[in-house]
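Chemist: model this:
(one chain, ligands or ions: 1)
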Amino acid sequence: MTTDCDVLIAGAGPAGAALALALSPLALRVCLADAAPDPTADTPDRRALALALGSQRILAGLDAWPALVPLATPISAIAVTQRGWPGVTRLDARTVREPALGYVVGDRALQRALLARLTDCPVQRLPAAVGAITPDGERLEVTLATANGSPQRLTTRLLVAADGSGSAVCRLAGLATQQRELPDSVLLAHLHTDRPHHGVAHERFADGRALALLPAPGACDYTLVWTLPHARAADLAALPPSIVAPMLQDVLGWRAGRVRRLDQMRCVPLREQWLTQATGTRLLAIGNAANTLHPIAAQGFNSGLRDVATVAELLAGARRADDDPGSDTLLAAYQRRREADWRRLRLATGWLPRLFENPAPPQAAARSLALAALDLCGPLKRHLMRRAMGLHGPQSPLQRGRWP
Ligand SMILES: Cc1cc2nc3c(=O)[nH]c(=O)nc-3n(C[C@H](O)[C@H](O)[C@H](O)COP(=O)(O)OP(=O)(O)OC[C@H]3O[C@@H](n4cnc5c(N)ncnc54)[C@H](O)[C@@H]3O)c2cc1C
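Modeler: Down below sits the predicted model:
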């Protein structure tokens, strides 16, 4: 039997689930397929996500935020420092007169909250992987591989690839991918110190690499995201935490207090890849399927949510005008509206690690001065902060809480 729908979303990760939720009030027939047996299963978080305030507003627009409030830690400020040099830039939510710069939530907790909100919505969930795609006039014919081995066929007017990094769906559709080789992995861990964080996150540059501490739910708890060369990250992850803790303290200094406990250490290799063109025949890509970024700027999912807000707004417009949801006009508008943001993020995640990689004293002194100068330059600081918070430029209806 063949099912017909208007929009098939391949991938129920945070990006795909958020899009399904955004489309649910639009009177479109929406299907959400995921290859994983049960993405809502109570699995531990793979990572903590720093959500910009603009992203929190999109999640509030989707009515998914109330369930996340008890799980989210507000970021009241970020202290940016460089080991061995004075000069600190403090980015404080009060500077931009906002309640927080953003919030930290676990990725699985976020996905679960979004999927739980979907249970009462007219979205058909399919436990299946998109296997083959064939254009068929005004539709795409899609073959889904189910766990019991019997393939299911479905036709759709628009296919959204939300199947994450190295998207199989984009590969099947023949979309060209580019990638940047990265010499780094990240060491992720949970950290407990002897000083309450009061919501302050730390970004520290040392030995040409970046280290981030994100405030976690406990008053003195943090999530550590430490960028290191591949071999070094793997070596540290294999050592007992009691040996790594003093090394970490040495790099971190004392701003966050004394490291009392370090656990849940694991090493994740980094990759950066993106689509040359994020659209194909009746297909567009969102989230990591379109752009997988270096986590240094904590912008991966934030950018994915802006993809979601743009697709939702374009499809709402098409629905009002009774237009085809997979039309070339809509696909071209999506590419046009997202391209500048994607390019800017790729540029930033490309030069940020390089900016701090040279530890020689003249370069380190210049950076130290630049951090101190930025701290004194109010208007520039406010501009950069609003940009990083996703509040720069026109806000989508979802962000403004006017949805649908
Ligand atoms: C160390 C680290 C730290 C990070 N920190 C931050 C941060 O602080 N802030 C931030 O904004 N971002 C951060 N990111 C990025 C963020 O994690 C990703 O952008 C986000 O998780 C991507 O979500 P997604 O839904 O696009 O993809 P995914 O979460 O990968 O979901 C893809 C889904 O597609 C399904 N799937 C796969 N193949 C198929 C198929 N053929 N058919 C159907 N379904 C399929 C999978 O089962 C999965 O459920 C970080 C990334 C890393 C590595």
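Chemist: enumerate the residues of the protein near the ligand.
Modeler: Within reach of the ligand by Cβ under 6 Å from any ligand atom, the chain has these residues: 10-16, 33-36, 39, 47, 49-50, 107, 129-130, 162-164, 168-169, 186, 225, 268, 287-288, 295, 298-302, 304. (Each C-beta comes from the backbone N, C-alpha and C, glycine too.)
Chemist: from these, which would you call buried?
Modeler: The neighbour-count criterion (16 or more other Cβ atoms under 10 Å) marks 10-16, 33-35, 39, 47, 49-50, 107, 129-130, 162-164, 168-169, 186, 225, 287-288, 295, 298-302, 304 among the residues of the chain next to the ligand as buried.
Chemist: next step: the residues you listed restricted to strands.
Modeler: Within these, residues falling in strands by DSSP state E are 10, 33, 49-50, 129-130, 186, 225.
Chemist: just put those in TSV and tack on distance to residue 348.
Modeler: Listed next are these as TSV, based on distance: Cβ to Cβ, whole Å:
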residue	distance to residue 348
10	28
33	33
49	18
50	15
129	33
130	31
186	17
225	17
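Chemist: centroid residue for this protein?
Modeler: Centroid-nearest residue in the chain: residue 301, 1.4 Å away (criterion: Cα atoms, centre = their mean).
Chemist: which ones are touching that one?
Modeler: Counting by Cβ atoms under 8 Å, 6 or more residues apart in numbering, residue 301 touches 14-15, 49, 51, 55, 107, 287.
Chemist: just give me the closest of the ones in strands among the buried ones among the residues of the chain next to the ligand to residue 236.
Modeler: Nearest to residue 236 out of those is residue 186 (Cβ to Cβ; 10.9 Å).
Chemist: surely the closest one touches residue 233?
Modeler: Yes - counting by Cβ atoms under 8 Å, residue 233 is a contact partner of residue 186 at 6.7 Å.
Chemist: quick one: the helices in this protein?
Modeler: All helices of the chain, identified by DSSP state H, fall at 14-23, 53-61, 65-68, 107-118, 168-172, 230-238, 241-252, 300-320, 328-355, 361-376, 378-388.
Chemist: most packed of those?
Modeler: Among the helices of the chain, helix 14-23 has the highest mean neighbour count (mean count of other Cβ atoms under 10 Å), at a mean of 29.
Chemist: contacts for it next, please.
Modeler: By Cβ under 8 Å, 6+ apart, helix 14-23 touches 7, 9-10, 12, 30, 32, 34, 49, 58-59, 62, 64, 107, 110-111, 114-115, 117-118, 121, 123, 160, 162-163, 286-289, 301, 304-305, 307-309, 311-312, 315, 398, 403.
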